[in-house]
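Asks: 3D model of this:
(one chain, ligands or ions: 1)
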Amino acid sequence: MLSRYNISLKANKQKIKEYIIYTRPSLKRIIIFIIDSCVFGFSVSFANYFASSPIPIDANWLWKCMDKKRSPFLRFLLHNWPLKPLRWLAFLLWYRNSYKYKNHAVGINKHYGISNDFYNLFLDKKYMFYTCADFIKTNDSIEQAQDNKANYILKLIDPKPGEKILDLGCGWGPMMKKIYEKTGDKENIIGWTIAKEQIKYIREVLGFRVEDVNFCTTKFEENSWDKIFSIESLEAVRPKELLPLAKKLRKALKLGGRIVHQFSTVTKDPFSPLLIWGAFNIFPGSEITTIEKHMSVFEEAKFKIVHHSIHDYRPTLKAWFDRLAKNQNEAIRLVGVKTYNMYLIFFAGSHGIFQEHAVLLNRVILEPMD
Ligand SMILES: C[S@@+](CC[C@H](N)C(=O)[O-])C[C@H]1O[C@@H](n2cnc3c(N)ncnc32)[C@H](O)[C@@H]1O
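Replies: Purely as a prediction, here's the structure:
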């Protein structure tokens, strides 16, 4: 057993060595690599090193490298260096005090301001969902899988014509489009997002009602919505903002109304190295918390949880990864090599995190307690 791991460790080391040479090291990148390794650990230093490569990462190599079953020693090292208290301290002091964390719109626009055309290269063509899909059959396309997910969420929301429906964090409007297909009512479905590019897209391409509203800081009108839902926007809500938001949603709901959320939660370490890398580089300002925290918030805000299910994010991440890699040249033309590399690492790394069940994808229906 041990010798098998030794061989695979040696083979890994050899591959990584080859790759480090292949990605053309410079003095600056090596210094950053050493600092990152000490402060945030090896997952972060390798991710930053490869992302900053002046040439595109070989997608096949990256996927194999991230997807590999690691020896217990390597796993221990990746998860526990630097020691948790130091990592947590770095995260809390550095990240939570950064301007991107303090201002929701700054982090969100950094992510979504890249280019709508870039996201279009790997998201499904029909809806442009940027959230976990449901692959029911193994050979489902991302288009089919997003439609499956949309049908699932549609059942949870159960929208009816004439009902006032609010999409919190509506992205490029995919679920609004799905609801409209069912109800035929465009007037009563409203999307909120603070991403300027998405607002432009929804208004110009879809013609739906969308508002530039930060749902964390805005005041909600009482008794004004029949249904409120969010699909993976709670990840951008700081843990301390969850309870005030849940209380506002409770008051904003009309009698007999319901709330549907799809969101990710951590099962182990909220500041694991790869989550830190994602928070700094991909979703600045986001912070994923535990299911315990969400459940206690829902209950404290006087909701009962009438549905809770867990879904598999891995096939979606693989589908996005493959599409992006297939569109390498166009992606680099639109956003440059570094962003292309970062997104490949983001999808492969997130797949690894879900593979270890360190993060879970949840769907809930909340109804007001009597
Ligand atoms: C991962 S995307 C999901 C988009 C869409 N729900 C989907 O399924 O594709 C997260 C969305 O939440 C929005 N968002 C995040 N924080 C927000 C906030 N505080 N106020 C309004 N929108 C927010 C982002 O702008 C983005 O549209």
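
Asks: Check which helix or strand residue 366 maps to.
Replies: Secondary structure here is read from DSSP states H and E; on that basis residue 366 sits in strand 359-368.

Asks: Describe which strands that strand pairs with in its sheet and in which direction.
Replies: strand 253-266 (antiparallel), strand 303-311 (antiparallel) (DSSP bridges).

Asks: Let me know which of the ones you listed is the nearest to the ligand.
Replies: The closest of those to the ligand is strand 253-266. By CB to the nearest ligand atom, the value is 7.6 Å. For the C-beta atoms, the positions are set from N, CA and C on the backbone; glycine is no exception.

Asks: can you list the strands paired with strand 359-368 in a markdown table and add distance to the ligand?
Replies: Formatted as a markdown table, these follow (distance: least, CB to the nearest ligand atom, whole Å):
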| stretch | distance to the ligand |
| --- | --- |
| strand 253-266 | 8 |
| strand 303-311 | 13 |
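
Asks: Deepest-packed of the ones you listed, please.
Replies: Each of the strands paired with strand 359-368 was assessed for mean neighbour count using mean count of other CB atoms under 10 Å. The highest is strand 253-266, with a mean of 19.

Asks: mind exporting the helix or strand following that one as PDB, just the C-alpha atoms?
Replies: From strand 253-266 onward toward the C-terminus, using DSSP H and E, the following helix or strand is helix 273-281. Extracted as PDB, the C-alpha positions of helix 273-281 are listed here (Å, rounded to 0.1, in the frame of the first residue of the first chain):
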ATOM      1  CA  PRO A 273      -6.800  26.500   1.100                       C
ATOM      2  CA  LEU A 274      -8.700  26.000  -2.100                       C
ATOM      3  CA  LEU A 275     -11.700  27.900  -0.800                       C
ATOM      4  CA  ILE A 276      -9.400  30.700   0.200                       C
ATOM      5  CA  TRP A 277      -7.900  30.700  -3.300                       C
ATOM      6  CA  GLY A 278     -11.400  30.900  -4.800                       C
ATOM      7  CA  ALA A 279     -12.500  33.700  -2.500                       C
ATOM      8  CA  PHE A 280      -9.500  35.800  -3.300                       C
ATOM      9  CA  ASN A 281      -9.300  35.100  -7.100                       C
END
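
Asks: neighbouring contacts of helix 273-281?
Replies: The list of residues contacting helix 273-281 from outside it, by CB atoms under 8 Å, 6 or more residues apart in numbering, reads 40-44, 47-48, 51, 78-79, 87, 91, 95, 266, 269, 285-288, 342, 346, 349-350, 352-353, 359.

Asks: Please flag which of these sit within helices.
Replies: Of the contacts of helix 273-281, the ones assigned to helices by DSSP state H are 42-44, 47-48, 51, 78-79, 87, 342, 346, 349-350, 352-353.

Asks: Just to check, residue 105 is in contact with residue 194?
Replies: Yes - in this structure, residue 105 is within contact of residue 194 by CB atoms under 8 Å, at 4.7 Å.

Asks: So which of these two has more stuff around it?
Replies: For the pair residue 105 and residue 194, the greater number of neighbours falls to residue 194 (24 against 15), based on other CB atoms under 10 Å.

Asks: got the contact list for the more buried one?
Replies: Counting by CB under 8 Å, 6+ apart, residue 194 has contacts 104, 105, 108, 109, 212, 213, 214.

Asks: Go through those residues and single out the one with the most neighbours.
Replies: residue 108 (24 neighbours).

Asks: Now do that residue against residue 114, distance only.
Replies: 12 Å (CB to CB, to the nearest Å).

Asks: Residues in contact with both of the two, list them for me.
Replies: Common neighbours of residue 108 and residue 114 are not found (criterion: CB under 8 Å, 6+ apart).

Asks: what's the domain layout of this protein?
Replies: Per automatic domain parsing, the structural domains of the chain span 2-102, 111-368.

Asks: And these, which one averages the lowest pLDDT?
Replies: Here the lowest mean pLDDT among the domains of the chain goes to domain 2-102, at a mean of 78.

Asks: quick one: is it near the ligand?
Replies: No - in this structure, domain 2-102 remains apart from the ligand according to CB under 6 Å from any ligand atom; the gap is never smaller than 12.4 Å.

Asks: dump the residue contacts of residue 235.
Replies: Shown in contact with residue 235 (CB under 8 Å, 6+ apart): 263, 264, 283, 286, 287, 288.

Asks: no no, residue 53
Replies: Under the criterion of CB under 8 Å, 6+ apart, the contact partners of residue 53 comprise 23, 24, 337, 341.

Asks: Between residue 105 and residue 194, which contacts overlap?
Replies: By CB under 8 Å, 6+ apart, residue 105 and residue 194 have these common neighbours: residue 214.

Asks: For residue 250, give its distance to residue 277.
Replies: 35 Å.

Asks: neighbour count winner among these two?
Replies: Taking neighbours as other CB under 10 Å, residue 250 and residue 277 compare with residue 277 leading, 24 against 21.

Asks: how close does the more buried one sit to residue 122?
Replies: Shown here: residue 277 relative to residue 122, a distance of 20 Å by CB to CB.

Asks: same question, residue 316
Replies: In this view, residue 316 and residue 122 are 10 Å apart by CB to CB.

Asks: neighbour count winner among those two?
Replies: Set side by side, residue 316 and residue 122 show unequal neighbour counts under other CB under 10 Å, the larger going to residue 316 at 27 against 20.
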